[in-house]
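1. 3D, please:
(one chain, ligands or ions: 1)
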Amino acid sequence: MKTKRTRSTSAKPTRRWVVKAGSQMVCSGGPLLLRAWMSQVAQLRKQFAIEIIWVTSGAIASAAERTNFNRKNRELPEKQALSAIGQPMVMDLYNLALNATGLLGAQVLLTAGDTQDKVRRKNLQNTLEKLLEWQTVPILNENDAVATEEIRFGDNDSLSALIAQMMNAERLVILTDVEGLYDSDPRKNPRARLIHHKKDISQADLDKVAKNTTSERGTGGMYSKLLAAQNALKSGIITHLMRGDLPQNLLALASGEEIGTEIGNGQKKTAKRAHK
Ligand code: GLU
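-> Numbering: from 1, shown residues only. Sure thing, here's the model as predicted:
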């Protein structure tokens, strides 16, 4: 069952998606891709009544590119300092892209502790609900400057799943630089086939993909994406893995086109929390 919400300010029911963009996507796509994304965010609300919570990475990678900092074997304090330099750079790009659509962005930085502590979690929920009610676009990233390695979300895949659960989203969309999940590694096997639908993620599925893989720019990989999908599905949330750099991909998904890999059987559990 899809979650529909009705607001006092508008009779139109809304659906809610969490969309996550990784470091690689943000840095190689740059201002043009971000503009295409934000224009789709505006259209998703207008045409499909879908509201978006956007989770972005790219702070550390953006700063590393601009500061000539050695890329390999960074110490945690170095990553943290880079995140503090890069976060405003990333937010500048989003704000620029949002300006063109007439929407306002809102930066929310958080650590794993913010989603676990009861009071902070409630505060976070209230803030996000209000931002969505005001029709702004919440843009979330991990607050790497204050997170230790143990409580870091890494490239935000697990953060996006937690937010999707916490905000009772209908769908988690993870934008990546591959088409989706394949039946074998497409870099090694030219006959690898894209899996369009997957009912769930088993331990065997997780074992099949390399653990702790890193791209050139971020710490995410297929393992952390499948783990995020597995967690999201525990709350009945469907995850979609798809390429982030194809034009209009989010709108195509909203129109029901078969793109990327859909994980979950489409059965959204009844909402656990009431929305105003
Ligand atoms: N939150 C980080 C960023 O935005 C993720 C990068 C990573 O851990 O690789 O830079």
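
2. isn't Phe153 right next to Asn141, touching?
-> No - at 9.2 Å, Phe153 does not count as touching Asn141 under the criterion of Cβ atoms under 8 Å. Yep, even glycine has a C-beta here, placed from its N, CA and C like the rest.

3. Surely Ser224 is in a helix?
-> Yes - counting by DSSP: H, G, I helix; E, B strand; the rest coil, Ser224 is part of a helix.

4. For the stretch 1-150 of the chain, which segments are assigned as strands?
-> In the stretch 1-150 of the chain, the segments counted as strands under DSSP state E, counting those that start in this stretch are 5-7, 10-21, 50-56, 105-110, 137-142.

5. Identify whichever of the ones you listed lies nearest to the ligand.
-> strand 137-142 (4.1 Å; Cβ to the nearest ligand atom).

6. Check which helices and strands the closest one sits against.
-> Helices and strands touching strand 137-142, by 3 or more Cβ pairs under 8 Å, 6 or more residues apart in numbering; DSSP states H and E, are strand 50-56, helix 76-99, strand 105-110, helix 118-133, helix 157-166.

7. Would you mind getting the angle between it and strand 105-110?
-> Strand 137-142 runs at 30 degrees relative to strand 105-110, counting by axes from the mean of the first three to the mean of the last three Cα atoms, to 10 degrees.

8. Let's have the strands of the stretch 1-150 of the chain in a markdown table, adding mean neighbour count, distance to Gln230 and mean pLDDT.
-> Output for these, formatted as a markdown table (neighbours: other Cβ atoms under 10 Å; distance: least, Cβ to Cβ, whole Å; pLDDT from 0 to 100):
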| stretch | mean neighbour count | distance to Gln230 | mean pLDDT |
| --- | --- | --- | --- |
| strand 5-7 | 15 | 26 | 56 |
| strand 10-21 | 20 | 15 | 81 |
| strand 50-56 | 25 | 17 | 98 |
| strand 105-110 | 18 | 22 | 97 |
| strand 137-142 | 24 | 20 | 97 |
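
9. Any chance of a markdown table for those, columns distance to the ligand?
-> Compiled in a markdown table, the strands of the stretch 1-150 of the chain are given as follows (distance: least, Cβ to the nearest ligand atom, whole Å):
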| stretch | distance to the ligand |
| --- | --- |
| strand 5-7 | 29 |
| strand 10-21 | 10 |
| strand 50-56 | 7 |
| strand 105-110 | 9 |
| strand 137-142 | 4 |
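
10. hang on, Leu175 is in a helix, isn't it?
-> No - Leu175 sits outside any helix when classified using three-state DSSP, being strand.

11. show me what contacts the nearest residue to Leu162 once chain neighbours are set aside?
-> In this structure, Leu162 finds its nearest non-sequential neighbour in Thr115, 5.0 Å apart by Cβ to Cβ, 6 or more residues apart in numbering. Taking Cβ atoms under 8 Å, 6 or more residues apart in numbering, we find Thr115 in contact with 121, 124, 159, 162-163, 166.
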